[in-house]
Structure formats: C-alpha cells, structure tokens
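*Asks:* Sequence below, structure please.
(one chain, ligands or ions: 1)
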Amino acid sequence: MARNLLVILAICYIQLGLSCASECSILDQKAIKYGCKITLKNYCESWRMNVELHNIRDFDVVPEECVEYMGKYMTSTQYKVDSERTIDECRVYVSNSCAFKKDGADAWIFDVDDTLLSTVPYYMNHGFGGVKLNLTSMEEWMKKGKATALEHSLMFYNELKGQGVKIILVSSRREFLRSATVDNLVNAGFYGWKTLILRGAEDEKKEIGKFKADVREQLMSRGYHIWGILGNQWSSIQGPPTAQRTFKLPNPLYYVA
Ligand SMILES: *[C@@H]1O[C@H](CO)[C@@H](O)[C@H](O)[C@H]1NC(C)=O
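*Replies:* Numbering: from 1, shown residues only. Modelled structure (predicted):
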C-alpha cells in the first residue's frame with residue numbers, strides 16, 4: 001500500500017514538475033513571483049479580461065505566448081456563451097427599461113464586424129491576433145463576403161426590428177466595400193436595416209472613435225432616440241454623445257482606437 005502511494009505521489013510530482021517547467025519557462029518573472037503557481041492559461045486569461053475591462057489599450061498584437069489561447073477562446077463554447085450573455089443583457093434592458101416612443105425614430109446602433117458578422121474565419125488563417133493586421137488582406141477577405149453571422153446577435157437584431165426599432169449599422173469598413181458588405185449581411189440573414197453607414201474618404205482622416213461619435217451626433221440631430229449600441233470595441237460605444245445604454249461583446253483579438 002505504502003509503496004503504491006509513493007509511486008503515485010512520484011508520478012504526480014513528475015507531472016506537476018513537467019507542466020510547471022513548460023509553462024513557467026515562458027513566464028519566468030511571474031513564476032518566481034507566484035512560486036510557480038501561475039500557468040500560461042492564468043496569464044492569458046487575465047490578459048483577455050483586462051482587454052475587456054479596457055485596462056489594456058492600443059495593443060497591436062496579442063502577446064505571442066497567448067495566441068494559441070486566444071484562438072481556442074474565439075472558437076470555444078465559452079466565447080459563444082459570453083456573447084449570448086451580452087445579448088441576454090440587451091434583452092433585459094429592452095424589456096425593463098426601454099419605453100419606445102413608437103414615433104418612427106426609436107433606433108439601435110450595431111457594429112458590423114465581430115458584432116453581426118464574424119471575422120474569426122479570417123483570423124483563423126492569419127495568426128489569431130498574433131500578427132499585425134494587414135488591412136489589404138483583410139479587405140480582400142471582406143470583399144469575398146464570406147463572413148458568418150453571430151447567431152445570437154442575429155436573433156436580437158430581428159427581435160428589435162420586430163418591435164419597430166430602426167436598425168442603424170455603423171462600421172469602420174470603407175465605402176468601397178459597400179456592395180460586398182450588403183451582400184454578406186443579407187446572405188448571413190441580416191436585412192431590413194434603416195441605414196448602413198461606412199467610412200467615406202473624409203472620415204478616413206479621423207480616428208474610428210471620433211468617426212462613430214460624429215455619426216451618433218448626426219443621428220441625434222436628425223431626431224433619432226438611440227436606445228442602445230451593440231459593439232465589440234470601446235471606440236464604438238464611448239461618447240460623447242452615446243446611447244442610453246451600451247453593450248460590448250467580447251473581442252480580445254484586436255483593438256480599434
Ligand atoms: C498584405 O497582404 C497583401 C495581400 O494579401 C500582400 O500582397 C502583402 O504582401 C501583405 N503585406 C505584408 C506586409 O505582409
């Protein structure tokens with residue numbers, strides 16, 4: 001008995017030692033601090049969390065050691081559940097706190113990429129956030145119009161439309177992608193929006209956050225009541241001006257200022 005226990009303990013020790021060695025080698029500094037109790041997963045999860053909290057900003061790429069983790073997360077059930085939760089909270093807000101005016105000017109703003117359409121298929125073949133974005137190749141991919149729908153966003157989009165809320169799409173995609181974007185949206189099941197606002201030549205000089213705030217200002221001056229925004233970047237939801245409530249979907253792959 002005692003001998004068996006020793007063997008088991010020895011095996012456990014070796015396994016712990018091995019996993020620790022492989023993970024700690026990447027995280028030398030932190031491993032020392034936490035007495036080798038921090039795993040790569042701990043490290044990458046806290047990185048992702050702090051992106052969502054908007055503590056980590058302006059990053060060009062996902063840390064190299066977290067690229068694999070990010071790929072797993074973006075294709076995981078967890079990402080789907082996290083996104084579904086965001087949508088559920090939108091629904092709670094709409095049913096409890098939105099007294100729609102029903103004057104034809106109730107509106108909701110959506111981002112396009114990684115809010116209605118997923119760019120995960122692109123990132124899957126382009127280093128999962130670990131390499132700096134190549135806009136040319138991203139736009140070539142967008143032109144093909146093969147992006148898939150985020151299914152929970154699609155459901156919510158249709159629910160709002162059913163309540164007579166005007167759907168306004170505001171995207172940092174450039175104007176020349178309009179027809180590809182329209183085709184892609186329709187093929188993925190999105191139709192009946194009020195307007196699709198893309199970035200024109202003069203908007204390209206502005207930061208995305210400023211472009212989107214200017215769009216909201218124009219919409220409000222035209223009398224729209226913007227009840228909510230669903231986006232995946234802080235630059236899509238931060239004001240001024242902003243909506244009554246804003247909702248952010250997870251996106252640890254890239255940062256748009
Ligand atoms: C960016 O993508 C384009 C189109 O795929 C390619 O021709 C170009 O070499 C890429 N640029 C870099 C810096 O990788």
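*Asks:* and residue 142, what does it touch?
*Replies:* Residues in contact with residue 142 (CB atoms under 8 Å, 6 or more residues apart in numbering) are 173, 177, 180, 181, 184. Every residue, glycine included, has its C-beta placed from N, CA and C.
*Asks:* For residue 130, give me the backbone phi and psi.
*Replies:* When read as degrees, to the nearest 10, the backbone of residue 130 gives phi -90, psi -10.
*Asks:* and the contacts of residue 142, which of them are in helices?
*Replies:* Taking DSSP state H as the definition of helices, these contribute 180, 181, 184.
*Asks:* measure the second one to residue 227 for me?
*Replies:* Counting by CB to CB, to the nearest Å, the separation of residue 181 from residue 227 is 24 Å.
*Asks:* and if you look at the first one?
*Replies:* With the distance defined as CB to CB, residue 180 ends up 29 Å from residue 227.
*Asks:* Show me what from the stretch 101-250 of the chain comes close to the ligand.
*Replies:* Contacts of the stretch 101-250 of the chain with the ligand, taken as CB under 6 Å from any ligand atom, map to 134, 136, 137, 140.
*Asks:* Now tabulate these in CSV and tack on pLDDT and neighbour count.
*Replies:* Formatted as CSV, those follow (pLDDT from 0 to 100; neighbours: other CB atoms under 10 Å):
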residue, pLDDT, neighbour count
134, 95, 12
136, 97, 8
137, 97, 12
140, 98, 11
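*Asks:* which among those residues gets closest to residue 116?
*Replies:* Proximity of those to residue 116 (CB to CB) peaks at residue 140, which lies at 20.2 Å.
*Asks:* Now do the strands in the protein.
*Replies:* Applying DSSP state E to the chain gives strands spanning 106-110, 117-118, 148-149, 166-174, 195-199, 225-231, 245-248.
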